[in-house]
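predicted structure and sequence below. I'll ask about it afterward.
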Amino acid sequence: RLSLGGLYTGGKVQAAADGRFFACQVEGNVAVISTRTGRLLCRLRAEADDDELGGAEAVEKYTTFCMHPSGSEIVSASANQLLRRWRIAELVEKKLAEESDDQFNLVPDVASVLMKSSMAEYPECLRKWKGHEAPITCADFHAAGDLFATGSADRTVKVWSLSGGYCTHNFRLHRSVISTLVFHPDMTAMRLVSGDMAGQGWAWNL
């Protein structure tokens with residue numbers, strides 16, 4: 001059992017399927033952390049955001065994310081309603097390979113993890129687009145890997161095609177902020193469940 005402190009400030013945590021690393025929200029960003037050492041492998045690049053706080057000097061805040069089932073990509077969501085598709089595979093594999101030479105010791109307390117190495121390198125952003133009319137609150141990938149869903153404060157749930165880059169479904173029956181959503185874990189099942197802050201849940205058959 002390994003206790004890692006200082007690398008999570010609330011929000012989502014998601015482990016890669018092989019267990020070698022996980023992603024989590026920290027201080028308005030998304031960090032990818034080595035499970036073995038607690039080392040920061042990479043984080044997402046945050047851009048200046050003219051829409052937040054009324055000034056160009058503000059830095060956008062990531063509100064949620066979802067990791068591809070393969071662990072190769074992350075889709076992030078920002079308070080400014082932007083979705084971004086990030087390719088993390090090559091950078092993460094490079095950083096994990098560096099750990100194999102035993103130059104990195106186990107980190108029992110990583111309160112300064114965001115100040116450690118890897119800060120100069122960011123994963124590649126493949127695409128960005130506006131996903132909703134209000135901040136995006138939750139996201140999840142379908143087990144097959146092409147579809148992912150997002151929920152928002154605009155009270156809608158949208159399903160997106162990763163390869164096609166377009167919205168496939170737009171569900172509008174919720175009457176409050178979407179607080180959670182999850183796909184059925186069976187790769188062959190095209191079902192999605194979502195819940196909102198008013199306590200209402202919906203099951204969607206795609």
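That came through fine.

when you work out contacts or count neighbours from here on, use the C-alpha atoms and nothing else.
OK.

mean confidence score for stretch 165-180?
Averaging pLDDT along stretch 165-180 gives 95.

now stretch 82-90
Averaged over stretch 82-90, pLDDT sits at 96.

now that stretch - C-alpha only, CSV.
Backbone C-alpha positions of stretch 82-90 (Å, rounded to 0.1, in the frame of the first residue of the first chain) are rendered in CSV as follows:
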residue,chain,number,x,y,z
LEU,A,82,-14.0,23.8,-24.3
LEU,A,83,-13.2,20.1,-24.8
ARG,A,84,-9.7,19.0,-25.7
ARG,A,85,-8.3,15.7,-26.9
TRP,A,86,-4.8,14.9,-25.7
ARG,A,87,-2.4,12.2,-26.8
ILE,A,88,-0.5,11.1,-23.7
ALA,A,89,0.8,7.6,-24.7
GLU,A,90,4.2,8.5,-26.0
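
can you show me the helices along the protein?
89-99 (DSSP state H).

where does the prediction get shaky in it?
Within the chain, the stretches with pLDDT under 70 are 1-7, 48-58, 101-120.

could you check how far the residue nearest to the spatial centre of it is from residue 188?
The centroid of the chain falls nearest to residue 65 when counting by CA atoms, centre = their mean (1.9 Å). Using CA to CA, to the nearest Å, residue 65 is found at 23 Å from residue 188.

what's the answer for residue 68, then?
Shown here: residue 68 relative to residue 188, a distance of 16 Å by CA to CA.

and stretch 35-50, what's buried?
Across stretch 35-50, burial judged by 16 or more other CA atoms under 10 Å covers 35, 36, 37, 38, 39, 40, 41, 42, 43, 44, 45, 49.

I'd assumed residue 142 was in contact with residue 160.
No: counting by CA atoms under 8 Å, residue 160 sits too far from residue 142 to count as a contact (10.2 Å).

common neighbours of those two, please.
Common contacts of residue 160 and residue 142 (CA atoms under 8 Å, 6 or more residues apart in numbering): 148, 149.

the more surrounded of the two?
Applying other CA atoms under 10 Å to residue 160 and residue 142 shows that residue 142 carries more neighbours, namely 23 against 19.

next, that one: phi, psi?
Dihedral angles phi and psi of residue 142 (degrees, to the nearest 10) take the values phi -70, psi 150.
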